[in-house]
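# the sequence and its predicted three-dimensional model are supplied below.
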Amino acid sequence: MDNFLTFLMTKKGIMTVFASVSTVTFGSYQFNDFVQERTAYERLDIQFSEGTPTIEYGNADFDLTTLIASSTGDVTLPVLDVTKVGEQTLTFKVSMDGQEREFTKVVKVQDTQAPKITLTSERVTLAFNEEYDVSSLVESVSDPVDGAIARKSEETTQSYYEIEGSVDTTTPGEYVITVKAVDKNGNESSASATIIVKEKEKTAAELEKERLGSGYTAPDPSVIAGGVVSIATSYNGAPYAYGGNSPETGFDCSGFVQYVFGQAGVSLPRTAGAQGAGGTPVASADMQPGDVVVYNGGSHVAIYVGGGQIVHALNPSLGVRITGMSGYGTITAVSRY
């Protein structure tokens, strides 16, 4: 016993005892800190609203805080990709007193908006044999989120539109043209238009023949041609007006031709293409005064007056003029009435 007391009184013994006491005390502090940190971590919490929420594709303004029913601590929101359709697992972080904890929530991005198709018209009326491109029906096709949609081709694999149906303007009747569109997420929409092809307009001579029956005598074509040329050249200098077909309003090219032939007793369709197709086809080399001359498939029309000249409604600055035949494109039809 005396030896033990003597040992305790030595420097080495005292240091050993103090070291043992210090170790116990320090370990207690570490344990308490661990308990406190663990308690703070366990207090961190996020309670989400029930179910799997559905978010509209492209809705960049969606507020993720609406998914949280309650929380303890400061919440850091995740990034939601609204351009990706399907389920996404979002990781929310909550922190407090130097502790951080993560919670996950599954959401679903869904595209419910079909492509929008805008047509130039839902009902179009065409003259017999009038040139017409069905693609002109489409004003625009677009996705509400992704923008313009192109017509179907080898390059358009995800989103596209296509035109179904065709029109035969040489056969009178009604035709339905349908535009169908598909967006990148598989939504589809369609829009349709009705195209009406009118019967071929009868000339004044044909109407007169129907009226008189067996007593009908065909008029002399040279008399008609002479009258047409005389009437047409008398309007040299008349004003030009787009859509015009009378001296009072002015003339555009096809309106001028229709009006002149009407004054000569011959009924012609309104458009240049139909005027070129309505009479008897004539080779350019056999052209005679009074023949209708069509350029570029119907972009312009004139009346041949002989001597390599034509009379036609040119433009707003020149109006109706007698000119040479060249400079207006390629002659694609000559028709005699």
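Cool, the structure landed. Residues are numbered from 1 along each chain as shown.
# residue 38 sits in which helix or strand?
Using DSSP states H and E, residue 38 falls within helix 11-43.
# ok, then the element right after that helix?
According to DSSP H and E, the helix or strand after helix 11-43 is strand 45-48.
# buried stuff in that following strand?
Using 16 or more other Cβ atoms under 10 Å as the test for burial, strand 45-48 gives 46, 48. In this view, the C-beta of every residue, glycine as well, is placed from N, C-alpha and C.
# what's the answer for stretch 73-80, then?
73, 75, 78, 80.
# show me the protein divided up by domain.
In terms of domains, the chain is parsed into 45-110, 116-197, 204-336 (source: automatic domain parsing).
# show the end-to-end separation of the shortest one, please.
Taking Cα to Cα, to the nearest Å, the first and last residues of domain 45-110 lie 29 Å apart.
# one step back: closest to residue 39 out of the domains of the chain?
domain 45-110 (9.6 Å; Cβ to Cβ).
# how far off centre is that closest one?
35 Å (Cα atoms, centre = their mean, to the nearest Å).
# from what I can see residue 87 touches residue 53, true?
No. Applying Cβ atoms under 8 Å, one finds residue 87 not in contact with residue 53, separated by 10.7 Å.
# overlap in contacts of those two?
Shared contacts of residue 87 and residue 53 (Cβ atoms under 8 Å, 6 or more residues apart in numbering): 107, 108.
# more neighbours: these two, which one.
Taking neighbours as other Cβ atoms under 10 Å, residue 87 and residue 53 compare with residue 53 leading, 16 against 11.
# give me the distance between the closest residue to the more buried one other than its chain neighbours and residue 80.
Sequence neighbours aside, residue 107 is the residue nearest to residue 53 in space, at 5.2 Å (criterion: Cβ to Cβ, 6 or more residues apart in numbering). In this view, residue 107 and residue 80 are 7 Å apart by Cβ to Cβ, to the nearest Å.
# quickly list what's touching both of those two.
55, 88, 90.
# so which of those are in strands?
Counting by DSSP state E, these place 55, 88, 90 in strands.
# what's the burial count for the last one?
The reference is to residue 90. Residue 90: 17 neighbours (other Cβ under 10 Å).
# tell me the bridge partners for it.
For residue 90, the beta-bridge partners are residue 105 (DSSP bridges).
# my guess is it contacts residue 80. True?
Yes. Contact criterion Cβ under 8 Å: residue 90 and residue 80 qualify, at 6.4 Å.
# quickly list what's touching both of those two.
64, 107.
# picking that back up, highest mean neighbour count out of the domains of the chain?
domain 204-336 (a mean of 17; mean count of other Cβ atoms under 10 Å).
# adding distance to residue 38 and mean pLDDT, write the domains of the chain out as a markdown table.
Formatted as a markdown table, the domains of the chain follow (distance: least, Cβ to Cβ, whole Å; pLDDT from 0 to 100):
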| stretch | distance to residue 38 | mean pLDDT |
| --- | --- | --- |
| domain 45-110 | 9 | 96 |
| domain 116-197 | 46 | 94 |
| domain 204-336 | 85 | 89 |
